[in-house]
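Student: Provided below are the primary sequence and the corresponding predicted coordinates.
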Amino acid sequence: MSKKNLIERYPNTIAQLFASLALAVSFASLYITWSQIPESTDDIVKIIKNEAEFARTRNLEAIVDLFSDDAVILEAGYSYNYRFGKLRTTRQWRGKKDIRDRYEELNKNVTFIALDHTYIDVKLHPSGGSAIATSSTQGSFRRNDQEVRPINTFDGDRWEFIKVNNKWKISSFSFDRPPISDPFSGHIGSLR
């Protein structure tokens, strides 16, 4: 049977077939376009902001919940080294128990007057399951009833995130590291 005979014999069926095919191509195109739209970074920015707020208000349960089970916090101590000319090794906390201990130690030694993460820049991985961010930490604190000291880690914080049960969690937080662009920029303040 020739093409002409098929079209003449089944005009409605052939037309429906082409319409269905066109509709399927349209939906496939829409899906591909939709899946390429990047996810909003608002949830990640909120987590970063919450870390500062929960640390300032000493909300241990809420702050620990921001982290994945095997998360790592690294405190580089760049501000301390730059300001006081003393070399200090990076401190590390791994897992929720150690992270809880870190914030409990902060609560014993430090009272935050103000604390905020600013200049937040988030980059999502194309897979959608991970992200990285940089930020600055700004604020002030009092250590053991001493004078109030400023905190300014300009571009000195690096965050890594993963999705756990479809929720963003902090998998790594590096605090007070030297900025890559200018290692001699002179951060001021230190938590230790």
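Tutor: Right, received. Where do you want to start?
Student: can you give me the helices for this protein?
Tutor: Secondary structure of the chain (DSSP state H): helices at 3-9, 11-36, 42-57, 60-65, 78-84, 95-109.
Student: Mind checking the pLDDT average for the third one?
Tutor: Confidence over helix 42-57, taken as the mean pLDDT, stands at 96.
Student: what do you get for the shortest one?
Tutor: The predicted model assigns helix 60-65 a mean pLDDT of 96.
Student: Ok, the first one next?
Tutor: Taken as a whole, helix 3-9 carries a mean pLDDT of 59.
Student: Output the below-cut-off pLDDT ranges for the chain.
Tutor: Scanning the chain for pLDDT under 70 picks out the ranges 1-39, 78-89, 178-192.
Student: let's see it at 80
Tutor: The chain contains residues with pLDDT under 80 at 1-39, 76-90, 144-145, 154-155, 176-192.
Student: Pretty sure residue 140 sits against residue 151.
Tutor: Yes - judged on CB atoms under 8 Å, residue 140 makes contact with residue 151 at a distance of 6.3 Å. In this view, the C-beta of every residue, glycine as well, is placed from N, C-alpha and C.
Student: Please say which of those two ends up with more neighbours.
Tutor: The neighbour comparison of residue 140 against residue 151 (other CB atoms under 10 Å) goes to residue 151, with 24 against 15.
Student: Test of understanding: give the bridge partners of that one.
Tutor: With DSSP bridges as the criterion, residue 151 is bridged to residue 139.
Student: can you check residue 112 too?
Tutor: Under the criterion used here (DSSP bridges), residue 112 is bridged to residue 141.
Student: my guess is it meets residue 53, correct?
Tutor: No - Residue 112 is beyond contact range of residue 53, at 9.8 Å (criterion: CB under 8 Å).
Student: out of the two, which sits in the more crowded spot?
Tutor: Between residue 112 and residue 53, residue 112 has the larger neighbour count (other CB under 10 Å), namely 20 against 16.
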